[in-house]
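> Dropping a prediction and its sequence here:
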Amino acid sequence: MKAIAIVPGTAGARVVDRAEPAVSTPDDVKIRMIRVGICGTDREELSGGRALAPEGRTELVIGHEMFGQVVSVGAAVTRVAVGDYAVFTVRRGCGACASCAMGRSDMCQTGKYLERGIKGLDGYQAEFVVDQEQYVVRVPPALESVGVLMEPLSIVEKAIDEMLRVQIVRCPEAATTPDWLFGRRCLVAGLGPVGLLGAMVLRLSGADVYGLDVVDVRSARPTWLTGIGGHYVDGRQVPVEQVQQKIGAMDLVLDASGIPALEFNLLDVLAPNGAYVVTGIPGGDRPVQIAGAELIRQLVLDNQVMVGSVNAARGHFQTGADDLEQARSRWGTHLDGLITQRYAPAEFTSSSDPHTPDAIKEVVEWTTMARGA
């Protein structure tokens with residue numbers, strides 16, 4: 001079969017031949033790939049950045065945002081059947097800590113976890129993949145066109161769930177309110193796929209959502225945001241230090257920008273008792289100057305909280321599938337607008353930089369391989 005591989009630490013990728021995997025144990029699930037998303041992590045790997053090949057190998061098959069169709073299952077598998085659409089999760093536990101033993105490798109305590117397509121395990125940019133049933137999540141047929149969004153959606157599902165759990169523990173009002181997010185003012189910073197999917201989840205909960213970015217209001221990301229009832233804030237016209245003054249304080253800030261200076265400055269936007277959850281991972285090591293004493297005073301005196309969140313557990317993927325179904329019912333084909341660019345495997349690897357400035361989610365279409373393209 002064909003796959004897309006890199007040599008970690010070097011730039012570029014190529015289409016390679018690999019042996020087609022087969023079901024070999026009772027709990028195995030084999031999936032034919034339909035499409036795989038491309039994200040910032042993939043681009044970092046393609047540029048020679050952070051990546052680790054499987055032990056004893058020099059190449060790593062990339063890709064962790066997958067979507068496909070089940071073609072074979074082991075005798076003990078019950079969660080999916082042949083013909084179902086499905087995704088696999090990304091992280092695999094260390095085998096040593098309590099979190100991983102409980103199926104929560106997203107909260108690994110040792111850091112010795114593995115991740116498909118990123119760290120020590122081949123990924124999903126391939127015609128076929130096999131993994132264990134414990135890592136599979138069924139995707140309803142109605143979500144075929146957007147099922148590839150499940151992995152980035154799982155990231156924000158976890159982040160928002162963590163934020164809500166913290167608020168319920170510490171805020172009396174949140175603990176006694178059926179849906180604390182309803183009517184709350186929420187700011188999403190960075191309108192890439194994670195940010196827009198976060199806005200979607202917040203809108204499904206009835207939140208009043210503002211999205212901050214630095215792109216033209218008529219471009220794809222603001223257009224998609226306003227299509228679900230969000231409000232676009234152009235950071236070039238409303239600098240971060242003026243957001244609270246011009247738009248008002250926010251009960252929740254969800255950062256998906258990965259820009260350190262912005263991430264710290266956004267603390268000024270938080271309302272008293274507000275919560276801030278960070279999912280954006282900065283690149284580089286440029287130092288940032290912050291008003292440390294003022295920041296700490298604000299966090300303490302206004303009862304604010306800041307939480308970092310990464311990866312997701314299988315349950316967050318399942319919540320994502322449920323929310324995508326609800327979003328499909330509410331906004332119909334508008335969801336399809338999140339996928340803006342599609343590449344065949346060879347087209348993706350042969351381009352020096354296939355990324356387009358106005359893109360939201362870009363994907364590699366493996367169905368072209370089945371048609372002989």
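The structure has been received and is ready for your questions.

> residue boundaries of the strands in the stretch 51-200 of the chain?
Along the stretch 51-200 of the chain, counting by DSSP state E, counting those that start in this stretch, strands occupy 60-61, 65-73, 85-88, 91-92, 114-116, 120-121, 128-132, 136-139, 185-189.

> JSON lines for the ones you listed, including distance to Ile31?
Backbone N, C-alpha and C define where each C-beta goes, glycine included. Output for the strands of the stretch 51-200 of the chain, formatted as JSON lines (distance: least, C-beta to C-beta, whole Å):
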{"stretch": "strand 60-61", "distance to Ile31": "14"}
{"stretch": "strand 65-73", "distance to Ile31": "4"}
{"stretch": "strand 85-88", "distance to Ile31": "6"}
{"stretch": "strand 91-92", "distance to Ile31": "16"}
{"stretch": "strand 114-116", "distance to Ile31": "12"}
{"stretch": "strand 120-121", "distance to Ile31": "15"}
{"stretch": "strand 128-132", "distance to Ile31": "5"}
{"stretch": "strand 136-139", "distance to Ile31": "8"}
{"stretch": "strand 185-189", "distance to Ile31": "31"}
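
> Of these, give the one that comes closest to Leu295.
strand 185-189 (16.8 Å; C-beta to C-beta).

> I'd like to know how far the residue nearest to Ala220 when sequence neighbours are not counted sits from Met150.
The shortest distance from Ala220 to any non-neighbouring residue, by C-beta to C-beta, 6 or more residues apart in numbering, is to Asp358 (5.0 Å). For Asp358, the distance to Met150 (C-beta to C-beta, to the nearest Å) stands at 23 Å.

> same deal with Ser329?
17 Å.

> for Arg14, same thing?
27 Å.

> Which one's more surrounded, these two?
Met150 (28 against 14; other C-beta atoms under 10 Å).

> Can you tell me which helices and strands the longest helix seen in the chain packs against?
Using DSSP state H, we find that the single longest helix of the chain is helix 150-170. For helix 150-170, the contact count by 3 or more C-beta pairs under 8 Å, 6 or more residues apart in numbering; DSSP states H and E identifies strand 65-73, helix 172-175, helix 193-204, strand 250-255, strand 270-278, strand 305-308, helix 314-331 as packing neighbours.

> right, and these - which one's nearest Gln125?
Of these, nearest to Gln125 by C-beta to C-beta is strand 65-73, at 8.3 Å.

> Can you give the contact residues for the closest one?
For strand 65-73, contacts defined as C-beta atoms under 8 Å, 6 or more residues apart in numbering pick out 22-23, 28-39, 80-88, 123-124, 128-129, 133, 139, 147-152, 366.

> let's see 7 Å
Residues outside strand 65-73 that contact it (C-beta atoms under 7 Å, 6 or more residues apart in numbering): 23, 29-37, 39, 80-88, 124, 139, 147-148, 150-152.

> how about that strand: buried residues?
Glu65, Met66, Phe67, Gly68, Gln69, Val70, Ser72, Val73 (16 or more other C-beta atoms under 10 Å).
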